[in-house]
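sequence-free structure coming up:
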């Protein structure tokens, strides 16, 4: 009986360790999943940035809207049906992320 339990636990451990996962990070922080990415000069984005008191020097900087981090690629629940991006500034609690570059992580 003890041997069966040990064999089952060893098999489960092997399966878990063989599951491919990657840490979802960019050089600027975690990979984000944003509902949309637009340039800072777009009318709706410019208004939102103004309300938040954010001043950007370039109207062409990509800004992600309604973003959430993707922690580990390959685990259930970490899919992104919108735009996966790496962003330079994610300090707005997911409302916006500044300096976003689209990436392809094949989720």
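Done, it's in. Worth saying up front: this structure is predicted, and the values here are computed from it rather than measured.

which stretches in this protein count as strands?
Read by DSSP state E, the chain holds these strands, from start to end of the chain: 22-23, 25-26, 29-30, 32-39, 62-69, 72-73, 83-86, 96-98, 101-102.

now tabulate those in TSV and tack on distance to residue 45.
No exception for glycine: its C-beta is placed from N, CA and C like everyone else's. Converted to TSV, the strands of the chain look like this (distance: least, CB to CB, whole Å):
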stretch	distance to residue 45
strand 22-23	30
strand 25-26	21
strand 29-30	20
strand 32-39	5
strand 62-69	5
strand 72-73	28
strand 83-86	14
strand 96-98	8
strand 101-102	16
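
nearest to residue 54, out of these?
strand 96-98 (7.3 Å; CB to CB).

in the closest one, what counts as buried?
Residues 96-98 are the ones in strand 96-98 that count as buried (16 or more other CB atoms under 10 Å).

packing partners of that strand?
Under the contact criterion of 3 or more CB pairs under 8 Å, 6 or more residues apart in numbering; DSSP states H and E, strand 96-98 touches helix 43-52, strand 62-69.

pull the residues that contact the longest one.
So that's helix 43-52. Applying CB atoms under 8 Å, 6 or more residues apart in numbering, the set of residues contacting helix 43-52 from outside is 38-40, 55-56, 59, 63, 65, 92, 95-96.

tell me what angle it forms with strand 32-39.
Going by axes from the mean of the first three to the mean of the last three CA atoms, to 10 degrees, helix 43-52 is angled at 110 degrees with respect to strand 32-39.
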